[in-house]
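Colleague: build me a model:
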Amino acid sequence: MKKVVVAMSGGVDSSVAAYVLKSQGYEVIGVTMSVWQAETAEEIAARSGCCGMTATEDARFVCQKLDIPHYVLNFRDVFRKRVIAPFVDEYMKGRTPNPCIACNAFVKWEYLFDKAKALEADFIATGHYAKIVRNSTTGRLTIATSPSAKDQSYALYNMSQEALSRTLFPIGDMDKNDVREIAMEQIGLRVAYKPDSQEICFVPYRNHAVFLEEYLGGSLPAGNFVDEDGNVLGVHQGLGRYTIGQRKGLGAFGTPMFVKEIDGTTASITLTKDENRLFQNTLTVGNLAFMSHENINTPIKCLGKIRYAHKAAPCTITQQCDKIIAVFEEAQRAITPGQSAVFYDDAGGIICGGIIE
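Modeller: Okay, the predicted model is just below:
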């Protein structure tokens with residue numbers, strides 16, 4: 001019997017993933033990763049997503065219901081070092097990071113693998129909506145999009161071939177409504193209709209600035225709003241409160257303004273009153289992670305996604321040393337440094353991805 005460690009967040013997706021695997025005959029072990037534990041009642045309420053105390057209790061209940069062992073593993077130190085610290089550093093550089101992608105790479109598919117080996121497990125599994133397939137041309141494993149509207153392939157682009165070979169996504173072909181129905185009708189779980197976690201687990205009240213000020217122990221670096229010619233328009237409230245394309249929360253300028261650029265070195269934020277200035281055709285991607293291809297020898301026409309909620313758009317990618325240059329057929333709004341760009345083939349498989357520079 002194959003043994004699998006399931007990352008249990010206390011939510012309906014990972015709960016049903018564990019149930020499906022047990023039904024398929026696997027020896028299942030539930031593991032909850034303690035990465036950001038709230039201490040006060042207010043913090044628990046604010047951080048009740050995939051990492052809070054309520055999540056741990058829900059996961060324990062599910063494992064008891066499924067009659068499988070449950071372990072809580074302390075990953076707080078590595079989470080602070082590999083996820084939170086880079087998150088803060090990126091914001092202070094005027095970039096907009098995606099910490100969930102870093103968490104997947106460095107916590108779920110690095111340190112959790114080490115723990116799975118200690119438990120002599122053959123696989124790890126999660127409740128992600130994604131599929132693992134083999135590219136028919138290159139023979140390499142890759143992540144492919146799920147038919148679910150909740151497809152999460154974008155956040156998994158930096159998994160290694162070894163990680164892919166030892167990972168299972170039991171609900172990758174399911175729809176969210178089907179997952180909730182299984183949880184309620186077949187298992188009788190109280191988490192069947194638990195709301196999805198929508199925001200970053202360690203950011204309270206969905207307020208990045210509050211978290212950054214708490215972490216840094218002071219106010220965020222202030223600077224000037226400037227126009228596209230460098231003329232000072234006013235003083236902003238600190239890096240970390242703004243992102244490319246933002247319109248609300250900028251103050252009164254007599255006309256609608258949009259954030260066009262953020263300079264972390266000078267702490268200046270360039271505004272434009274012409275929203276068309278936010279659209280670009282070309283971007284550069286670094287920190288590359290290749291999936292269905294080891295590298296790109298010739299230009300490839302594909303679909304590019306520049307943020308989680310972005311609809312993938314046709315583009316051509318070319319590799320230049322350790323960078324990818326992507327040219328979109330139609331200009332895309334608010335291409336944001338620090339976010340990830342992920343490139344898909346026509347079948348929905350991930351070719352590669354990286355960080356927008």
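Colleague: what sits against the closest residue to residue 27 other than its chain neighbours?
Modeller: Distances taken as Cβ to Cβ, 6 or more residues apart in numbering place residue 3 nearest to residue 27, at 4.4 Å, with adjacent residues excluded. (C-beta placed from N, C-alpha, C; glycine too.) Taking Cβ atoms under 8 Å, 6 or more residues apart in numbering, we find residue 3 in contact with 26-29, 119-123.
Colleague: repeat that for 7 Å
Modeller: 26-27, 29, 120-122 (Cβ atoms under 7 Å, 6 or more residues apart in numbering).
Colleague: looking at the residues you listed, spot the one nearest residue 299.
Modeller: Using Cβ to Cβ, residue 122 is the member of these that lies nearest residue 299, at 39.3 Å.
Colleague: give me phi/psi at the closest one?
Modeller: phi -80, psi -30 (degrees, to the nearest 10).
Colleague: identify the spatial nearest neighbour of it, chain neighbours not counted.
Modeller: Ranked by Cβ to Cβ, 6+ apart and with sequence neighbours excluded, the top spatial neighbour of residue 122 is residue 2, at 4.6 Å.
Colleague: contacts only, for the one you found.
Modeller: Residue 2 neighbours (Cβ under 7 Å, 6+ apart): 26-27, 122-123.
Colleague: quick check: the farthest pair among those?
Modeller: Among the contacts of residue 2, 27 and 123 lie farthest apart (Cβ to Cβ), at 10.5 Å.
Colleague: where does pLDDT dip in this protein?
Modeller: 36-53, 197-199 (pLDDT under 70).
Colleague: for residue 285, give its distance to residue 111.
Modeller: Separation of residue 285 from residue 111 (Cβ to Cβ, to the nearest Å) stands at 26 Å.
Colleague: neighbour count winner among those two?
Modeller: Using other Cβ atoms under 10 Å as the criterion, residue 285 and residue 111 rank with residue 285 on top: 25 against 17.
Colleague: then that one would be within a strand, right?
Modeller: Yes - counting by DSSP: H, G, I helix; E, B strand; the rest coil, residue 285 is part of a strand.
Colleague: pretty sure it contacts residue 320?
Modeller: No - if you go by Cβ atoms under 7 Å, residue 285 and residue 320 don't touch, sitting 10.3 Å apart.
Colleague: all helices for the stretch 101-250 of the chain, in order.
Modeller: For the stretch 101-250 of the chain, the helices defined by DSSP state H, counting those that start in this stretch cover 112-118, 161-165, 176-181, 208-216.
Colleague: contact partners of the shortest one?
Modeller: To tie it back to what came earlier, the one meant is helix 161-165. With contacts defined as Cβ under 7 Å, 6+ apart, helix 161-165 is touched by 109, 113, 132, 140-141.
Colleague: can you turn the buried part of these into a ChimeraX selection?
Modeller: Buried members of the contacts of helix 161-165, defined by 16 or more other Cβ atoms under 10 Å, are picked up in ChimeraX with:
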select :109,113,132,141
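Colleague: which ones among the contacts of helix 161-165 are found in strands?
Modeller: Secondary structure assignment by DSSP state E places 132, 141 of these in strands.
Colleague: distance to residue 270 added to the contacts of helix 161-165, as CSV?
Modeller: CSV is the format used below for these (distance: Cβ to Cβ, whole Å):
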residue, distance to residue 270
109, 37
113, 42
132, 42
140, 41
141, 42
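Colleague: which two of the contacts of helix 161-165 have the greatest separation?
Modeller: Of all pairs in the contacts of helix 161-165, the most separated under Cβ to Cβ is 113 and 140 at 19.0 Å.
Colleague: what about the nearest residue to residue 272 once chain neighbours are set aside, which helix or strand?
Modeller: Excluding its sequence neighbours, the residue lying closest to residue 272 (Cβ to Cβ, 6+ apart) is residue 260, at 4.4 Å. Residue 260 belongs to strand 258-263 when assigned by DSSP states H and E.
Colleague: remind me what that strand packs against, helices and strands.
Modeller: The contact analysis (3 or more Cβ pairs under 7 Å, 6 or more residues apart in numbering; DSSP states H and E) places strand 258-263 against strand 268-272.
Colleague: and the angle from the strand it packs on to strand 258-263?
Modeller: 150 degrees (axes from the mean of the first three to the mean of the last three Cα atoms, to 10 degrees).
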